[in-house]
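In: Next one to model:
(2 chains)
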Amino acid sequence: MIASKTWREIRWMGLVYLLILELLLIPAVLLWPDIYGDLQRSGLLKKVDYDLIRSITEGITNRNEEIAWVNWAALQLFFKGVNLAGLACAVLVGTGLFARERESMTLEFLLARPVSRGRILWQKAWPSALVVVVPVFLANWSAIWWARSIDQDLDFWPLTLCCIHSSLFCLMFLAFTTFVSVLCRVQGHVAFWVGGIAILQMGVYLIPRLRRYSVFRLSDFDWYGPMLAGNLGPERMFDLVHHAGNTSWVVLATAAFYAAAWHALRRLEP
Amino acid sequence: MTNIPHPEPAIEVEGLCRSFGGKQALRELSLTVGRGELLGIVGPNGAGKSTLMRVLTGLVRRDRGTVSVLGMDPAHDGLAIRRRCSYLPGETSVYQQMTGRGFLDFAWSFHGAVQQDVVDRLQELFRLPLQARVRSYSAGMKQKLAVLAALAPDVDVYLLDEPDRALDASVRHDLRTVLRDLHGRRKTILLSSHHLGEVETLAGRLVFVVGGGVVPQETVAAARTRLARRLRLRLGNEVVLPVGARVLAREADGVLLLETSEHPLQWLRGLDAEAVLEAEVGVLRLEDLYQELLAGART
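Out: Have a look, this model is predicted:
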């Protein structure tokens, strides 16, 4: 019952999120032929002496249009689309899970039901995870169809790998937001802390010397580009010993945040 | 067939302590509620009534003391206790976005069985528009919904924190009838309320909680004895009070609250009958008793 109640409350967010992802994706795909032409003619971006922009520019202005297209898709679909809309969705969905119950004084009612707190967390966690994860797959799989209309290809399996990684990255933020939602009494405070930390991390990401300390390195353009090109498979995504294993770090962080949320919920007194 | 009382009380609390920050909410609180008993708890705001209920349901941990509900410790068996208890929180807890029917289905889905006759009875009394969203309900309607959600499950113990809050007098009367009915089914009920007189008529036993602890019965008895020598009196102009009484307070409309050294009726004989406009003797107001205990606790 808790799961169906949670699902009823947040399913519309999933629909809006899917719509936003789709709206970000369609023009990025359909305008690619014109954009590629412009990029070939213009040398402006190539003169920007900033490593982040330079690596993106080198990817999307490649003389080989197939390589340029894959980098463009990685940039637009995942580096921009999912990171931006996905994180916003994760924070919006997660803030209300417990803090809103406290704010509206229904948490005491919920905790007084004959159901364990672990079960309460689980029944709130999985519907919210579905809302955050499913639109990432649906929207980005639709890009395969849109790309055909401009005579470009996106391979299903590499695209799905990107979806897995990016949706796990959003899930990590959802888990963190859920944890903070258990700790805070007011929904606005959750948004303040999680939003503040996300902005701080983004700020760190934009400073070249500090970038490696930002959590956004786990969901970077130079991660999605090779993955979408088919050069970075599951063995490198999850291998922490021989490769970066970013996906494993994201999974571990997600598990840690949910464990922290469970621990905090067990100790919570209404 | 005879009903053999269960040897073990439904609720047993001994030396219960709990503090929040520097404030001690419960101080060496001890009480016992027998199986099938309806016990009323009265006390001022912040006396610890709600904290006690939360400890009993396992929602709040205790610092010290022992607690047993149906033979189980809420600190370890909270889930098992909540399966056999129904708890109505002190703050009205209802989901605004649900319909009344949706909320009841949600609340009852966690319990095994619902007493349909209680549901029908309460719904007949409350007449709630269950198809409407809860957000459109008045404060009283929300409280009625919360009461309906709490009283319908077929459990052994009902922990009701101010169930009559925001309810008008006629609904409170109906609610008392339903509670009596539940009590008649040998259900254990722990009830806190601010409508002191009504709790006294309903509960088999009354416990006063002041400053986080239960006021001893001897203290209550002594306070009752003191109150028995009090009277409220409204006199005509320029009437001199006979000796043997002292004025405790001057209330609104010139009413004097007096304490007499002998029985108030005896003392009243010393007054000219024409001079007494209004007199109230021998009515033990629970509110007075409450104030007396509070004053005693403060000193």
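In: can I see the domain layout of chain B?
Out: Per automatic domain parsing, the structural domains of chain B span B:9-216, B:229-283.
In: Return the backbone torsion pair for the residue of the stretch 1-150 of chain B found nearest chain A.
Out: Nearest residue of the stretch 1-150 of chain B to chain A: B:Ser93, at 3.4 Å (CB to the nearest CB). Any C-beta I mention is one placed from the backbone N, CA and C, and that applies to glycine too. With angles defined as degrees, to the nearest 10, B:Ser93 sits at phi -110, psi 90.
In: and the closest residue to it other than its chain neighbours, how many neighbours?
Out: Leaving aside its sequence neighbours, B:Ser93 sits nearest to A:Phe109 (CB to CB, 6 or more residues apart in numbering or on different chains; 3.4 Å). Applying other CB atoms under 10 Å in any protein chain shown, we find 25 residues neighbouring A:Phe109.
In: Show me what the helix or strand encompassing A:Phe109 is in contact with.
Out: Using DSSP states H and E, A:Phe109 falls within helix A:107-111. Residues from elsewhere that reach helix A:107-111, judged by CB atoms under 8 Å, 6 or more residues apart in numbering or on different chains: A:2, A:98, A:101, A:117, A:120, A:268, A:270, B:54, B:59, B:89, B:91, B:93-94, B:107, B:146.
In: just stretch A:207-227 next, same as before
Out: Residues outside stretch A:207-227 that contact it (CB under 8 Å, 6+ apart): A:50-52, A:55-56, A:59, A:70-71, A:74-75, A:77-79, A:82-83, A:158, A:161-162, A:165-166, A:169, A:201-202, A:204-205, A:232, A:237, A:244, A:246, A:249-250.
In: Now that you've got these, can you turn the buried subset into something I can paste into PyMOL?
Out: Buried members of the contacts of stretch A:207-227, defined by 16 or more other CB atoms under 10 Å in any protein chain shown, are picked up in PyMOL with:
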select buried, chain A and resi 56+59+70+71+74+75+77+78+79+82+83+158+161+162+165+166+169+201+204+205+232+237+244+246+249+250
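In: so how far is the first residue of stretch B:191-201 from its last?
Out: One end of stretch B:191-201 sits 12 Å from the other (CA to CA, to the nearest Å).
In: If I look at whatever residue of the stretch 1-150 of chain A ends up closest to chain B, what pLDDT would I see?
Out: Distance from chain B to each residue of the stretch 1-150 of chain A (CB to the nearest CB) is smallest for A:Phe109, at 3.4 Å. Looking at A:Phe109, its pLDDT reads 94.
In: can you pull the contacts of A:Arg266?
Out: A:Arg117, A:Gly118.
In: Work out for me the element it sits within.
Out: helix A:246-267.
In: can you pull the buried residues of that helix?
Out: Buried, per 16+ other CB under 10 Å, within helix A:246-267: A:246-251, A:253-254, A:257-258, A:260-262, A:264-265.
In: now do stretch B:92-103
Out: The neighbour-count check on stretch B:92-103 (16+ other CB under 10 Å) flags B:Thr92, B:Ser93, B:Val94, B:Tyr95, B:Met98, B:Thr99, B:Gly100, B:Gly102, B:Phe103 as buried.
In: And those residues, which is closest to B:Arg82?
Out: Ranked by distance to B:Arg82 (CB to CB), the buried residues of stretch B:92-103 are led by B:Ser93 at 14.5 Å.
In: dump the residue contacts of the closest one.
Out: Residues near B:Ser93 by CB under 8 Å, 6+ apart: A:Met105, A:Thr106, A:Glu108, A:Phe109, B:Ala146.
In: Next, count neighbours for the third one.
Out: Other residues near A:Glu108 come to 22 when the count uses other CB under 10 Å.
In: which non-adjacent residue is nearest it?
Out: Sequence neighbours aside, A:Pro270 is the residue nearest to A:Glu108 in space, at 3.9 Å (criterion: CB to CB, 6+ apart).
In: Quick check, A:Leu24 in contact with A:Gln76.
Out: Yes - with contact defined as CB atoms under 8 Å, A:Leu24 reaches A:Gln76; the gap is 7.3 Å.
In: neighbour-wise, which of these two wins?
Out: A:Gln76 (20 against 17).
In: Quick one: residues contacting the more buried one.
Out: Contacts of A:Gln76 by CB under 8 Å, 6+ apart are A:Leu24, A:Leu25, A:Ala28, A:Val29.
In: Tabulate the residues you listed in a markdown table, adding columns for distance to B:Val42 and secondary structure.
Out: Formatted as a markdown table, the contacts of A:Gln76 follow (distance: CB to CB, whole Å; DSSP: H, G, I helix; E, B strand; the rest coil):
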| residue | distance to B:Val42 | secondary structure |
| --- | --- | --- |
| A:Leu24 | 61 | helix |
| A:Leu25 | 64 | helix |
| A:Ala28 | 68 | helix |
| A:Val29 | 70 | helix |
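In: near chain A, which residues of chain B show up?
Out: When proximity is defined as CB under 8 Å from any CB of the partner chain, chain B approaches chain A at B:54, B:57, B:59-61, B:79, B:82-83, B:87, B:89, B:91-98, B:105-107, B:109-111, B:146.
In: can you rerun that using 6 Å?
Out: Proximity of chain B to chain A, by CB under 6 Å from any CB of the partner chain, involves residues B:57, B:59-60, B:79, B:82-83, B:87, B:89, B:91, B:93, B:95, B:106, B:109-110.
In: So which of those are in strands?
Out: Cross-referencing those against strands under DSSP state E gives B:Tyr87.
In: now the residues of chain B next to chain A as TSV including pLDDT?
Out: Below are the residues of chain B next to chain A laid out as TSV (pLDDT from 0 to 100):
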residue	pLDDT
B:Thr57	95
B:Leu59	95
B:Val60	95
B:Leu79	94
B:Arg82	95
B:Arg83	94
B:Tyr87	95
B:Pro89	93
B:Glu91	85
B:Ser93	84
B:Tyr95	94
B:Phe106	95
B:Ser109	93
B:Phe110	93
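In: Among the residues of chain B next to chain A, which pair sits farthest apart?
Out: Taking CB to CB as the measure, the residues of chain B next to chain A span a maximum distance of 24.5 Å, between B:Val60 and B:Ser109.
In: And those two? Which one has more around it.
Out: More neighbours surround B:Val60 than the other of B:Val60 and B:Ser109, with 21 against 14 (other CB under 10 Å).
In: So the more buried one sits against A:Pro270, correct?
Out: No - with contact defined as CB atoms under 6 Å, B:Val60 does not reach A:Pro270; the gap is 7.8 Å.
In: Can you tell me what sits against the helix of greatest length in chain B?
Out: Ranked by residue count, the top helix of chain B under DSSP state H comes out as helix B:169-184. Outside helix B:169-184, the residues that touch it by CB atoms under 6 Å, 6 or more residues apart in numbering or on different chains are B:Leu38, B:Leu125, B:Asp164, B:Ile189, B:Leu202.
In: hey, C-alpha coordinates of that helix in PDB?
Out: What follows is helix B:169-184, C-alpha atoms only, in PDB (Å, rounded to 0.1, in the frame of the first residue of the first chain):
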ATOM      1  CA  ALA B 169     -20.000  18.400  22.300                       C
ATOM      2  CA  SER B 170     -22.600  16.200  20.600                       C
ATOM      3  CA  VAL B 171     -19.900  14.200  18.600                       C
ATOM      4  CA  ARG B 172     -17.900  13.800  21.800                       C
ATOM      5  CA  HIS B 173     -20.900  12.300  23.400                       C
ATOM      6  CA  ASP B 174     -21.300   9.900  20.600                       C
ATOM      7  CA  LEU B 175     -17.600   9.000  20.700                       C
ATOM      8  CA  ARG B 176     -17.900   8.200  24.400                       C
ATOM      9  CA  THR B 177     -20.700   5.800  23.500                       C
ATOM     10  CA  VAL B 178     -18.500   4.000  21.000                       C
ATOM     11  CA  LEU B 179     -15.600   3.900  23.400                       C
ATOM     12  CA  ARG B 180     -17.900   2.400  26.100                       C
ATOM     13  CA  ASP B 181     -18.900  -0.200  23.600                       C
ATOM     14  CA  LEU B 182     -15.300  -1.100  22.800                       C
ATOM     15  CA  HIS B 183     -14.600  -1.200  26.500                       C
ATOM     16  CA  GLY B 184     -17.500  -3.600  26.800                       C
END
